[in-house]
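K.L.:
Have a look at this fold, sequence not included:
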């Protein structure tokens, strides 16, 4: 069944754009319509000016916003030409975006304790989630997996929101030496109290987290990332294979039930 | 017979880029190799950064240079996307160019009195010519034809070099109301003393000037402009039809004998 | 106050309020665009191709961005004609009632499958103004371009489908042998032609040595292909007397105008729908501005006005 | 210190010092590039096509820039084989003596004219390593694409020329029916194929309603066509056993690498020669860097390494 997107096209204007960590930048832009309508786990497709030969928008989820002041913030990893070009969007740069797109995270009724596991730039949509969860009085354990200590992002915000912050780094430069999945495994083993697990990050990591949650019989939500052309359900390029058939990542997702995804 | 180009590829860096007149900008850039090797009437092909979908260089002739300080200046009319994008090349912008290209103006031996007629941005290569002529003690009458008084360019430089400056504007806002060809006609009629006529501007203007010079039995050099892809003799797109067959504008020209061109 | 330019065109007997159409596969079932503008402002919409039974389409990755455009390897994922009608039939009936022509695209792996899908549409889609036979999808192993790349193959599909509907049949053509295939389609009873479909192309990851999409080749679309598409549309307009809908790399009114000048009665916006979801109405306005600037009172005066 | 990557390839019996070649019509007679680099660094150069007698080519305008590339309507302007040899023979003999293969391109309006030009080259160009038959120029009314766009037409030209030289015959193919035409050319005795020539395309001035070049259509080249060219080269590599030179929109080593991966033994730099006159040697270095990064000691290990 076709899910219709809530995305609209809005103008936006860069307020802040600066390095946040190694190869990761933070952008804050003004877009009152988006700031007031977007829920945690939703995303938007940003037009990146400067190279007409590169026609498609880039999809980003958001970390922090202020509906009253009308701004939205996100962090982006420099992975290709498009994200590198984004670093030249100085404050005042005007562009437009299509959003809010996708379904966003779902908070089940009576959730009291959540495990949230983010890897790399997958932390971004979980920051907004943790803010929402803690505002609703949900106790959160947040596990961040970073490649190295210089790539840890949003630790302050997450702890400020009141989540318990656990860290792993691939190179052992800070926190647990290894992957976030080791920490999440321990946490799941030591506590039966989680009502829900949320995860976003590299596909193998999410697959492992979903398996751990399955093992522990705890519902798990995963945020999938697929190459997409439009972000609002028209191109059908961003399919996710699920037990219920192929679904469209940008409208049926990006958040899926971990049980449902065929990895 | 194939004429080989003298063009090389050189790095350059913008020093000044600012409005000079209505819809006409002036750019000065650092490029010692070009400043030291380029003769009046030659041109260069500039890479304009900022739009990878727009692949070709843009050809420009130069007006003023300082070989010792290593800079070259030219003026450009805002006519399309490429020239509009050039206005964003702030001082310090690095690019590269291919030049010096083409043959340049020829100063016959024993030239004592020259008539120089420029229309619109066609004035640019004539500024460099007048500087060279006056340095060689040649007396110059310079006729500039502009669309309107706000588009008159390089008047100061031309008078500073010691040329007699005559002006026409299409709208009569300054100088003679009408075309440069009216002034040149009068000058040619009133004096038999010109040894050579030089002209650069719109094709109909150059055609008329060449006809006037022919009538007066004075040699005339015209600087042709054709769409070109390379600027150094490889693409053969920029042909000029002449009495001696099709010639390549970028290597056999851009300066041609006015008698030779089939208009 | 002068009267505004008349934008209405006749397309194979269908009166379109303007020449703006949408390329199948870039416009979903049209309702995905209602958030961006009132879709009934368009002359027509062409829906994502549908087959007699649902198709899953190709595996991931189904998209790769390339210089000046994108490659898609969707492979006509669709819920089947019944699924499409169930999901969007009510919306589309409403759209049709507002005077926007709804064109249903028909997909199949074989002549029989095209026929089955068309029969279903004929029965279930009374709101459809026309049917478009997609014999040029480059992303499926059977049917599509595998059938429509020769004049004989194209004739066979069109000829088999022709008796099954009285509504206009449009054939969506690929970028190959366009004059020959256009004549074949018309000989077989096509009422109109639309072209071009995406161009088969490749993009390879030079580190993994594998295709950047799931199959070796995929369909190339976007502004990069526009000059090729205009040329092919011109050739087809010169070859046949049925109306042609020009498609390929349109990003602005000027791009669309070129198709009209070479003789196309309509134009479809494709990949630009992804880049700017409001593209089709923007381009409609830009086309109107252009028509005004050309001093005509009726857009039809500019159709075929190319001088050569 | 490890040994450097071996870049040498065998192309139809010609040992090229590396796979870098230049597309005819974008490289003049090669000496135009000596100001920018030592041309003998290249594996091969393919010269501007020459005919038995001088051709004036098409009228102005012969060029229009478009999104992602350019249209050219040069129409094979050339001084004739005798003129080319008189102007550039000494230089080209010297280039050949430095181990760079000089490939002379043969143009004609008819089978007879191709034969005449080839006979002249055979006699006057002892320094030529091979001859390339251009049966795909889209900018001339007779010959070129008018002859080479069908398997039968291609066969006829190649078959007629084959007996006239013992040196390798390369056929420059256009972007149409590439597998069929490739087989025809090989059946007729072609030793190698190069593709693609420019793609016929249009660009119209929407205010004057006229073509932006002198003829309605012109040849489209530049980075926009690269994904199409790679796909066609792959199809041809799969269809025939003779070596293929990949051409189309190469701007960097990565673009060239895609052609090698799909099986091309050589690549030609075309329009990028205009954009960056030093492109061919830059791309040679980028290809070497890529080969090193792939951990091979011989570029031949990467030729055809595409996995699908």
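P.N.:
Everything's here; your move. This one's a predicted model, so the numbers in the text were calculated from it and none came from an experiment.

K.L.:
Any idea how many residues pack against the residue in the stretch 1-150 of chain C that chain A sits nearest to?
P.N.:
Nearest residue of the stretch 1-150 of chain C to chain A (Cβ to the nearest Cβ) works out as residue C:63 at 3.7 Å. (C-beta placed from N, C-alpha, C; glycine too.) Residues within reach of residue C:63, counting by other Cβ atoms under 10 Å in any protein chain shown, total 25.

K.L.:
any idea what sits nearest it, other than its immediate chain neighbours?
P.N.:
residue A:237 (3.7 Å; Cβ to Cβ, 6 or more residues apart in numbering or on different chains).

K.L.:
One more: residue C:175?
P.N.:
Nearest non-adjacent residue to residue C:175 (Cβ to Cβ, 6+ apart): residue C:196, at 4.4 Å.

K.L.:
try residue A:247
P.N.:
Leaving aside its chain neighbours, residue A:247 sits nearest to residue A:240 (5.1 Å; criterion: Cβ to Cβ, 6+ apart).

K.L.:
which residues does that neighbour contact?
P.N.:
A:224, A:226, A:246-249, A:252-253, A:256, A:261 (Cβ atoms under 8 Å, 6 or more residues apart in numbering or on different chains).

K.L.:
Contacts only, for the residue nearest to residue C:175.
P.N.:
C:136, C:173-175, C:178, C:225, C:228-229, C:232-233, C:247-248.

K.L.:
just to revisit the earlier point, which one of the contacts of residue A:240 sits in the busiest neighbourhood?
P.N.:
Most surrounded of the contacts of residue A:240: other Cβ under 10 Å gives residue A:249, at 28 neighbours.

K.L.:
So that residue sits against residue A:226, correct?
P.N.:
Yes: counting by Cβ atoms under 8 Å, residue A:249 touches residue A:226, with 4.3 Å between them.

K.L.:
if I look at those two, which residues touch both of them?
P.N.:
A:238-240.

K.L.:
Might you specify the subset of those residues located within strands?
P.N.:
A:239-240 (DSSP state E).

K.L.:
separation between the residue nearest the centre of chain A and residue A:107?
P.N.:
In chain A, the centroid-proximal residue (Cα atoms, centre = their mean) is residue A:125; its distance is 2.6 Å. For residue A:125, the distance to residue A:107 equals 14 Å [Cβ to Cβ, to the nearest Å].

K.L.:
next one: residue A:33
P.N.:
Plainly put, residue A:33 is 23 Å away from residue A:107 if you go by Cβ to Cβ.

K.L.:
hang on, the earlier thing: for the residue nearest to the centre of chain A, give me its contacts.
P.N.:
Residue A:125 is in contact with A:40-41, A:43, A:61-63, A:105, A:200, A:223, counting by Cβ under 8 Å, 6+ apart.

K.L.:
cool, and residue A:58?
P.N.:
Contacts of residue A:58 by Cβ under 8 Å, 6+ apart are A:45-46, A:48, A:82-83, A:86.

K.L.:
which one of those is nearest residue D:278?
P.N.:
The closest of the contacts of residue A:58 to residue D:278 turns out to be residue A:82 (Cβ to Cβ; 27.6 Å).

K.L.:
could you give the mean pLDDT of the strand or helix carrying the closest one?
P.N.:
Assessed by DSSP states H and E, residue A:82 sits inside helix A:81-86. When pLDDT is averaged over helix A:81-86, the result is 96.

K.L.:
ditto for stretch C:78-85
P.N.:
96.

K.L.:
Pull out the buried residues from it.
P.N.:
By neighbour count with 16 or more other Cβ atoms under 10 Å in any protein chain shown, stretch C:78-85 contains the buried residues C:78-81, C:83-85.

K.L.:
residues in contact with that stretch?
P.N.:
In contact with stretch C:78-85 (Cβ under 8 Å, 6+ apart) are residues A:2, C:29, C:47-55, C:57, C:86-87, C:104, C:107, C:117, C:120-121, C:124-125.
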